[in-house]
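1. Predicted model and sequence follow; I will ask about them next.
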Amino acid sequence: MRTSGQTPTPNEYYPPLDDEKLVETVLDAGKKVSPYALYEIVADPYPPRIVQEVIEAVCLLLGLQLDWGEVKKLIMEEKLHKMIEEFHPECVPNYYLEQISEIAHLDEMQLVLLENMGLGVVQLGEWLHAIALYYDVKHKPMIHQIPDEPEVQREPTPEPVVETKEEPKKETPPAPRIISIKEALESIKNLNKQDIVEVRGYKKPPAGVLLVLEALCILFDAMKIERKGPNQVIYEPNYKKLLQDTDEFIRKVLNLDYDKISLDKIKRLRTYIVKPEFEIEKVKRASKAAASFSLLIISIVQKYDEQQPS
């Protein structure tokens, strides 16, 4: 959940930090959480799993029940960011801080995955990492100590010979391949039933395949609302039901009016196709069917972009 220049994780060596500096890091990260950036979270009625995990962690720290409606209300009334600003890690039981430490270091909560989810989610992620660092340094100090290095006698380094060379020309990266809706539909029509049954049968799909299935469920309104408690609502991609009848699914794909897909869906699909795990070749190594579905999602966004005035 860290990029260059941000709060370090305990997988590397760092100079010792005193309690005052650790608390200051948490408070500074909390002050950077903008109420306006948080509005982006409210705008998504079906937040991806990674966003739900961030909100769960925030609610845990602030002593809030995980009620999506209540979280939205606190954001719209500009109260959530004030609660974060006033948060002090020394007032929270170590049990909760330890949970945040474990959550914040999961691969699923890396900042590189949050960057496409909106600025508000990134700011919350940086705040959670600052709190995780606070806990780790206080309770796992050994991983933050710098090991003693033996002194090594080195010979004087000779003066380098400076040679003037022409700087190589920077190569312009190739433009992304344009995929037509027709090409994507042909790819799906060429799938056999077993290809679709295979991807439907995943109990735990690979990361790239899961992203494709989530995007597919958004396109066909197949996100499942799951209640894990009276105040806890989770949105899950109901891809097993969507793909249950392969013939019916193919009919849905072929009969969908691709000129009338809502702007809201286009925006949400765009957050998926920019992720590295969504690359067609990577997905294809795990599932032929999922690769065809990714072609469709990418072609839809590209078709919309092509229709926009330059």
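-> Cool, got the structure. Predicted model only: the values in this text are computed from it and were never measured. Numbering: from 1, shown residues only.
2. what are the ranges of the strands in the chain?
-> Ranges of strands within the chain are 223-229, 232-237, based on DSSP state E.
3. show me what contacts the nearest residue to E78 once chain neighbours are set aside?
-> Nearest-residue entry for E78: P35, 4.4 Å, with adjacent residues in sequence omitted and distances by CB to CB, 6 or more residues apart in numbering. All C-beta atoms are positioned from the backbone trio N, CA, C, and that covers glycine. Counting by CB atoms under 8 Å, 6 or more residues apart in numbering, P35 touches 75, 78, 80-81.
4. Now do stretch 63-73: distance from first to last residue.
-> Its first and final residues considered, stretch 63-73 spans 16 Å by CA to CA, to the nearest Å.
5. Could I get the buried residue list for that stretch?
-> For stretch 63-73, the neighbour count (16 or more other CB atoms under 10 Å) marks 64, 66-68, 71-72 as buried.
6. Name the member of the contacts of P35 that has the highest neighbour count.
-> L80 (26 neighbours; other CB atoms under 10 Å).
7. thought it was touching L74?
-> Yes: here L80 reaches L74: they are 4.1 Å apart, a contact under CB atoms under 8 Å.
8. Nearest to L213, out of the contacts of P35: which one, please.
-> I75 (28.3 Å; CB to CB).
9. got a list of what the residue nearest to the closest one when sequence neighbours are not counted touches?
-> Excluding the flanking residues, the one nearest I75 by CB to CB, 6+ apart is L38, at 4.7 Å. Residues in contact with L38, defined by CB under 8 Å, 6+ apart, are 75, 80-81, 120, 123-124.
10. Look at L38 and report its pLDDT.
-> Note for L38: predicted pLDDT of 82.
11. Please report how far it lies from V58.
-> 10 Å (CB to CB, to the nearest Å).
12. In the chain, where is pLDDT below threshold?
-> Scanning the chain for pLDDT under 70 picks out 1-18, 45-46, 92-97, 99-116, 139-176, 226-235, 310.
13. can I see the domain layout of the protein?
-> The chain breaks down into these domains under automatic domain parsing: 19-144, 181-305.
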